[in-house]
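**Student:** got a predicted model here, sequence first, then my questions.
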Amino acid sequence: MQDQDSTVDYAALKEKIRAAGTTLGFAAVGVARADPGIAAERLRAWLAAGRHGSMDYMARHADLRASPQTLHPGTLTVISAAVDYLPHEKSTDDTAVAAISRYAQGRDYHKVVRNRLQKLAETIAAEIGPFGYRVFSDSAPVMEVEFARQAGIGWRGKHTLLLSQHGSWRFLGDIYTDLPLPPDTPIAEHCGTCHACLDACPTGAIVAPYEVDARRCISYLTIELDGSIPEEFRPLIGNRIYGCDDCQLCCPWNRFARLGDPEFQPRHGLDEATLIELFAWSETEFNERLAGNPIRRIGHERWLRNIAVALGNAPATQETLAALCARREHPSPLVREHIEWAITRLMAGGGVTSSAPALPA
């Protein structure tokens, strides 16, 4: 623990921390008190409404989110940091191409951000000596957006993501610390009367400004949900196979976004691969090619489930139907169910020619 009665100039130390963060590749660094305030009550109301769906860990760890001191004893201050990640500005209307959330097209951000936070903490220790701290990047029950808001890094947009004058394509991380650093001043919200994100959400998951029902969210359906995707949402998922960026793509503030850290450049063509190409990956290929990528955590079974739905929404070509039929006898009931749905949907559209592959009985 740092001796808080020492002669350390904490205001000056905060600016040194901010400068060190810039050197380490952070786009912004700020400081907040370790108190989420009313945001904790809003979280509990969200959980009480069941809007977390099957994410039981959100409810189990609600008290830890609300009390940083419980998660890490002695915490007084949160150092909040942001890393820009926008990998490119490509866009396509080709429904045969897989839509993968931009944050997941390259390296897994968890380790990258945590490693940088650890180096930042070590820089602080080199300046003042040992102190109490713990680093996080979407790896523990921490209210990252709220602390980033309090730290003046941005404001909470109506889609609930953090927004700043440079948009929302940012990863967040935090250092819980016992240092009594002076907090920064939150900045005003700048969404005004805009409701573009509410209008753009394909499934209506943004049920009101600043309120998201995860059970309707494509990111939840394709990443967090481990069972069958409700049929009512399957046509709305389109070609999105891992996450959804629609509420960010439409945001006016993202016109000012900067291309992000080179660490997060797309790998294995995930920014332009076709659905058929990715559906053909074996489990071994999936694991090898996505090593060090956040997509790997959903596993090959859910990967195929998601792509099967997207293929059911794709153009009804012979190639699409052949790809689905090739996996029709997959050992997973979950995968088979979604393949059958996709085949039925394609055939019902009447666009598959008679030369398409015959369907197994």
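**Tutor:** Perfect, I can see it now.
**Student:** which element is E340 on?
**Tutor:** Take DSSP states H and E as the rule and E340 turns out to sit in helix 333-349.
**Student:** tell me which residues are up against that helix.
**Tutor:** The contact list for helix 333-349, computed with C-beta atoms under 8 Å, 6 or more residues apart in numbering, reads 227-229, 231, 234-235, 301-302, 304-305, 308-309, 311-313, 316, 320-321, 324-325, 327-330, 352, 359. Backbone N, C-alpha and C define where each C-beta goes, glycine included.
**Student:** so among those, which ones count as buried?
**Tutor:** 229, 234, 301-302, 304-305, 308-309, 311-313, 316, 320-321, 324-325, 327, 330, 352 (16 or more other C-beta atoms under 10 Å).
**Student:** now, the residues you listed that are in helices?
**Tutor:** Under the assignment DSSP state H, these contribute 234, 301-302, 304-305, 308-309, 311-313, 320-321, 324-325 to helices.
**Student:** contacting residues for the residue lying closest to T185 once chain neighbours are set aside?
**Tutor:** The shortest distance from T185 to any non-neighbouring residue, by C-beta to C-beta, 6 or more residues apart in numbering, is to G152 (5.5 Å). For G152, the contact set (C-beta under 8 Å, 6+ apart) comprises 30, 184-187.
**Student:** can you tell me which of the ones in helices among the buried ones among the contacts of helix 333-349 lies closest to L47?
**Tutor:** Comparing those against L47 with C-beta to C-beta places R302 closest, at 24.1 Å.
**Student:** show me what contacts that closest one?
**Tutor:** By C-beta under 8 Å, 6+ apart, the residues touching R302 are 222, 226, 334.
**Student:** for L334, grab the count of nearby residues.
**Tutor:** By other C-beta atoms under 10 Å, 17 other residues sit near L334.
**Student:** wait, I79
**Tutor:** 27.
**Student:** distance of the nearest residue to it once chain neighbours are set aside relative to E340?
**Tutor:** Nearest residue to I79, sequence neighbours excluded (C-beta to C-beta, 6+ apart): I175, at 4.1 Å. Applying C-beta to C-beta, to the nearest Å, the value for I175 to E340 is 49 Å.
**Student:** can you check T70 too?
**Tutor:** For T70, the distance to E340 - C-beta to C-beta - is 47 Å.
**Student:** now stretch 83-101: buried residues?
**Tutor:** Under 16+ other C-beta under 10 Å, the buried positions of stretch 83-101 are 83-87, 96-101.
**Student:** toward the C-terminus, what is the element adjacent to the longest helix seen in the chain?
**Tutor:** In terms of residue count, the longest helix belonging to the chain (DSSP H) is helix 109-128. Counting by DSSP H and E, the element after helix 109-128 in chain order, helix or strand, is strand 133-136.
**Student:** so what strands line up beside that following strand?
**Tutor:** Paired neighbours of strand 133-136 in the sheet (DSSP bridges): strand 170-177 (antiparallel).
**Student:** with only the CA atoms kept, save the strand it pairs with in PDB.
**Tutor:** Provided in PDB are the C-alpha atoms of strand 170-177 (Å, rounded to 0.1, in the frame of the first residue of the first chain):
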ATOM      1  CA  ARG A 170     -12.700   2.100 -28.300                       C
ATOM      2  CA  PHE A 171     -11.700  -0.600 -25.900                       C
ATOM      3  CA  LEU A 172     -11.800   0.300 -22.200                       C
ATOM      4  CA  GLY A 173      -9.700  -0.800 -19.300                       C
ATOM      5  CA  ASP A 174      -9.300   0.100 -15.600                       C
ATOM      6  CA  ILE A 175      -6.800   0.100 -12.800                       C
ATOM      7  CA  TYR A 176      -8.300  -0.100  -9.400                       C
ATOM      8  CA  THR A 177      -5.800   1.600  -7.000                       C
END
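**Student:** how far does it sit from its chain's centre?
**Tutor:** Its chain's C-alpha centre lies 14 Å from the corresponding centre of strand 170-177 when counted by C-alpha atoms, centre = their mean, to the nearest Å.
**Student:** in this structure L64 contacts T75, no?
**Tutor:** No: with contact defined as C-beta atoms under 8 Å, L64 does not reach T75; the gap is 11.4 Å.
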